[in-house]
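Trainee: Everything below, folded, please.
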Amino acid sequence: MARAGVTKGEVQRARLALIKAGRHPSIDAIRIELGNTGSKATIFRHLKDIEADEGGAGVPQGSVSEELLAFVTNLAGRLEFEAQERFDTLKASHVEEVRGLKEQLEKARGEARSGRSEAERSQVDLSAERAARQRVEADLTTLRLEHGQTATQLATQLEGVQAQLKASQAQVASLEEKHAHARDALEHFRNASREQRDREARLHEQQLQYLQREVAGGAEALTAKQTELRAALQEKADALALLTVARAERRQVDEQLRELKPAAERLAVQNQLVEDLREQAKLAAQQYETLRARTGELELRNGELVRQLAAAHACAQSQEQLVREVLDRISQAGNSTESGKKRTKAAAPG
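Mentor: Predicted coordinates for the structure are as follows:
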């Protein structure tokens, strides 16, 4: 693991060692020379201080080529650090922006899934409510038909009972009229029998017996008609009881209709809720499409940034190659100068 706190002296020693070895003293090369220790920012700061120290100390004892080599080395290190810093900044900004867009996209997808689930549940509830309403309407139609048939039957029975009652009343009136006629005839017979008692005693007795039989038959017929009347009255009472039951059933049906009204209102509210959820799902889908378009734009921008980064790397490599060529030329020039000096010293007289 790399340690922090690399000193200026260590950086300077590593730099000089790389220069003597004929290698470019870049930030990464110095860090490797130091054993992969120290941060790049610290190494870059020490390199700037070394450059300032060398610039403020005047012309050194070494040759001009060494000074130019140090300047070029510092320039290359600064360019490399600035390029790396710009690359890190762009990369961090891009990663943060992509992460935010991914979070927004996931959130929109979650909302869309939630909206679809809620719409499906509401659709299931709506189907159940519709099926229940259809069953209730079918039951209500059946009850109405049964109620209508029952009312028609009761009305028919009531008309029959009323007709029988009228017929019984007519028969009773006829019997009462016959009984009155019989009493009148008996009175007339009694008056006549007073005059003809002796002569028509037997005939009077026969007629009296005959009339008594007629009266007994009339009384029996009256009793039978009264029995029929009581039966008709009982049937009428039964019909009234059935009518009362039918009215109670009608009241129950009306009560069921009143109870079904809130269910119909709840069904209307559920329909409105489903429409609202559908609108929310449409909005979520539109947001999802917008985020997809934004993601495409960011991907295009990411590609552009990658191309810019590649161009920056290419530029840095070309600059590094240029620096290396300059260093090679300076090194060659230095070698030529040293060879010239040696030849001059060798040619000079002892």
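Trainee: Which secondary structure elements does the helix or strand hosting Leu277 sit against?
Mentor: Following DSSP states H and E, one finds Leu277 within helix 201-347. Helix 201-347 is packed against helix 64-195, with contacts defined by 3 or more Cβ pairs under 8 Å, 6 or more residues apart in numbering; DSSP states H and E. (Each C-beta comes from the backbone N, C-alpha and C, glycine too.)
Trainee: sorry, back to before: what inclination does the helix holding Leu277 have with respect to helix 64-195?
Mentor: 180 degrees (axes from the mean of the first three to the mean of the last three Cα atoms, to 10 degrees).
Trainee: what's the model's confidence in helix 201-347, averaged?
Mentor: What helix 201-347 shows for mean pLDDT is 79.
Trainee: how far out from the middle of the chain is it?
Mentor: Helix 201-347 sits 8 Å away from the centroid of its parent chain (Cα atoms, centre = their mean, to the nearest Å).
Trainee: next one: stretch 184-198
Mentor: Centroid separation between stretch 184-198 and its chain, computed with Cα atoms, centre = their mean, is 109 Å.
Trainee: just stretch 91-108 next, same as before
Mentor: Counting by Cα atoms, centre = their mean, stretch 91-108 is centred 25 Å from the centre of its parent chain.
Trainee: Need the residues that contact it.
Mentor: Residues from elsewhere that reach stretch 91-108 (Cβ atoms under 8 Å, 6 or more residues apart in numbering): Ala284, Gln287, Tyr288, Leu291, Arg292, Arg294, Thr295, Leu298, Asn302, Leu305.
Trainee: By neighbour count, sort out the buried ones in those residues.
Mentor: Ala284, Gln287, Leu291, Thr295, Leu298, Leu305 (16 or more other Cβ atoms under 10 Å).
Trainee: hmm, back to that, same list, the contacts of stretch 91-108, but as JSON lines with distance to Gly38 please.
Mentor: Rendered in JSON lines, the data for the contacts of stretch 91-108 read as follows (distance: Cβ to Cβ, whole Å):
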{"residue": "Ala284", "distance to Gly38": "52"}
{"residue": "Gln287", "distance to Gly38": "48"}
{"residue": "Tyr288", "distance to Gly38": "48"}
{"residue": "Leu291", "distance to Gly38": "43"}
{"residue": "Arg292", "distance to Gly38": "45"}
{"residue": "Arg294", "distance to Gly38": "41"}
{"residue": "Thr295", "distance to Gly38": "40"}
{"residue": "Leu298", "distance to Gly38": "36"}
{"residue": "Asn302", "distance to Gly38": "32"}
{"residue": "Leu305", "distance to Gly38": "29"}
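Trainee: State the distance from the most centrally placed residue in the chain to Ser127.
Mentor: Geometric centre of the chain, nearest residue: Gly115, 2.3 Å, by Cα atoms, centre = their mean. According to Cβ to Cβ, to the nearest Å, Gly115 stands 19 Å off from Ser127.
Trainee: Enumerate the positions of stretch 205-217 that are buried.
Mentor: Result for stretch 205-217 [16+ other Cβ under 10 Å]: buried residues Gln207.
Trainee: neighbouring contacts of that stretch?
Mentor: His179, Ala182, Ala185, Leu186, Phe189.
Trainee: which among these gets closest to Ala224?
Mentor: Nearest to Ala224 among the contacts of stretch 205-217: His179, at 14.9 Å, using Cβ to Cβ.
Trainee: Count the neighbours of the closest one for me.
Mentor: 15 (other Cβ atoms under 10 Å).
Trainee: What of the one 4 residues further on?
Mentor: The local packing of Arg183 (other Cβ under 10 Å) involves 12 other residues.
Trainee: what do you get for Glu275?
Mentor: Counted with other Cβ under 10 Å, the neighbours of Glu275 add up to 12.
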